[in-house]
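>>> I'll drop the sequence and a predicted model, then ask my questions.
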Number of protein chains: 2
Amino acid sequence: MKSNTKAKILSAGARVIHLKGYHNTGIQELVTAAGIPKGSFYFYFKSKEEFGLELLDYYTKAICAMVDELSKDNSISPLSRLRRFFEWSFASLEGNDFKGGCPIGNLSQEMADVNENFREKLKDAFDAIKKGVAIQLKEAQERKEIFDSLDVPELTEFIVSSWQGALLQMKVTRNTTPGKAFEQMVFERILKGVNPSNL
Amino acid sequence: MKSNTKAKILSAGARVIHLKGYHNTGIQELVTAAGIPKGSFYFYFKSKEEFGLELLDYYTKAICAMVDELSKDNSISPLSRLRRFFEWSFASLEGNDFKGGCPIGNLSQEMADVNENFREKLKDAFDAIKKGVAIQLKEAQERKEIFDSLDVPELTEFIVSSWQGALLQMKVTRNTTPGKAFEQMVFERILKGVNPSNL
């Protein structure tokens, strides 16, 4: 029962903060969204910050589960798995009227500079995402889907940055253009190693 | 005198909000940073939102001035101008202990979903940046610095997204790796059109 209430606060909080941000969300809104009395909040979390840090674990677990899920699908190639993941993220954002985006990216922008505890957890979250992406790229390289000369750590860093930037741009433009440019440049040019002089 | 005070509030506010974010900054902090009495704030701005929207104009003007400055330097090629701009942005972030980043990117993440007036101004700011980048890419294409087959609008979209994502990642990792990966992938691979099979 107790842990149920805590889980309820976290999942309701995850939805509210995803759309409104951390500083812009009050504890009253969190408890209203979870449908619990305000006092209960402090039974589970010493402070809003403690809640925020547990929320990051919550988001990270959800992302890791997704990355694991991705790795397991042996019916498609590593590159197709990767592309499916990014396509899913852009389609989710579009399906949500271009609101929300990546909660880890949003909180990085809002919190990394002002709270060191948050920054460390955000870094861990991105490291988990990068690890998942690098596994697919390495497997793609082993299977000769992408060129040997591509530097997987550098490529991973660049792809994750570019993906985050595309999500950010989509929130501002409210259209799919930044996501489409990402897919085209990453999957049809960089990873295919197309030399523009041959086109 | 009057407009001087307003300019003071905007420039002091620009520094505070760049580091702390919009919702995380109170009007008291803004007036303290500007060294003016609280009442004066409301003489110049009807509300915090009105201030925030004027602040976006302030940031956009500063960025447009930088983009204009960039275009004027005829001593180097368009591609070198572009590279210098991104290098400058990464070096500035590093010089600031990886705090701050792009104020337009930060406010996009924080505000685009929750305030339509902000979102429209943020979109205009990014359009101005994209316009500046596209001019250099087009000139680079005319001078045969980059391949004709590269689609300038798509490339511009992708480069601006990737740059924003790299700045975001640098704030989280507190190191230069994401910026270096951006420079390497954009300037040494995509824009040079290097085919990995030739390496």
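Great, that's in hand. Note that the coordinates shown come from a computational prediction; the quantities given were computed from them, not determined experimentally.
>>> the helix or strand hosting residue A:52 and chain B, are they touching?
Of the helices and strands defined by DSSP states H and E, residue A:52 is found in helix A:48-72. No: using Cβ under 8 Å from any Cβ of the partner chain as the criterion, no contacts between helix A:48-72 and chain B are found, and the smallest distance is 11.8 Å. Heads up, the C-betas are built off the backbone N, CA and C, glycines and all.
>>> any residues touching whatever helix or strand comes next after that helix, and which ones?
Tracing the chain C-terminally past helix A:48-72 and defining elements by DSSP H and E, one meets helix A:78-95 next. Identification of contacts with helix A:78-95 by Cβ atoms under 8 Å, 6 or more residues apart in numbering or on different chains yields A:66-67, A:70-71, A:73, A:76, A:99-102, A:133, A:136-137, A:139-140, A:143, A:145-146, A:163, A:166-167, A:170-171, A:176, A:179, A:182-183, A:186-187, A:191.
>>> stretch A:78-93: which residues count as buried?
By neighbour count on 16 or more other Cβ atoms under 10 Å in any protein chain shown, the buried set for stretch A:78-93 is A:78, A:79, A:81, A:82, A:83, A:85, A:86, A:89, A:90, A:93.
>>> let me know the closest of those to residue A:41.
The closest of the buried residues of stretch A:78-93 to residue A:41 turns out to be residue A:93 (Cβ to Cβ; 29.5 Å).
>>> restricted to helices, list the contacts of helix A:78-95.
Secondary structure assignment by DSSP state H places A:66-67, A:70-71, A:133, A:136-137, A:139-140, A:163, A:166-167, A:170-171, A:179, A:182-183 of these in helices.
>>> per-residue confidence at the residue nearest the centre of chain A?
Central residue check for chain A by Cα atoms, centre = their mean: the C-alpha nearest the mean position is that of residue A:102, 4.4 Å away. At residue A:102, the pLDDT value in this model is 93.
>>> one step back: could you check the angle the helix holding residue A:52 makes with helix A:78-95?
Compare the direction of helix A:48-72 with that of helix A:78-95 by axes from the mean of the first three to the mean of the last three Cα atoms, to 10 degrees and you get 140 degrees.
>>> average pLDDT across helix A:48-72?
Taken as a whole, helix A:48-72 has a mean pLDDT of 91.
>>> report the buried residues of that helix.
Across helix A:48-72, burial judged by 16+ other Cβ under 10 Å covers A:48, A:51-56, A:58-60, A:63, A:67, A:70.
>>> what's the farthest-apart pair in the residues you listed?
Between all members of the buried residues of helix A:48-72, the longest pairwise span (Cβ to Cβ) is found for A:48 and A:70 and amounts to 32.7 Å.
>>> hang on, the earlier thing: what sits up against the helix holding residue A:52?
A:9-11, A:13-14, A:17, A:22, A:27, A:30, A:41, A:44-45, A:81-82, A:84-85, A:103-104, A:107, A:111, A:115, A:117-118, A:121-122, A:124-125, A:128-129, A:131-132, A:135-136.
>>> will you turn the buried residues of stretch A:78-93 into a markdown table that also has distance to residue B:154 and pLDDT?
Shown next, in a markdown table, are the buried residues of stretch A:78-93 (distance: Cβ to Cβ, whole Å; pLDDT from 0 to 100):
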| residue | distance to residue B:154 | pLDDT |
| --- | --- | --- |
| A:78 | 25 | 94 |
| A:79 | 20 | 94 |
| A:81 | 24 | 94 |
| A:82 | 20 | 94 |
| A:83 | 17 | 95 |
| A:85 | 21 | 92 |
| A:86 | 16 | 95 |
| A:89 | 19 | 93 |
| A:90 | 15 | 97 |
| A:93 | 19 | 96 |
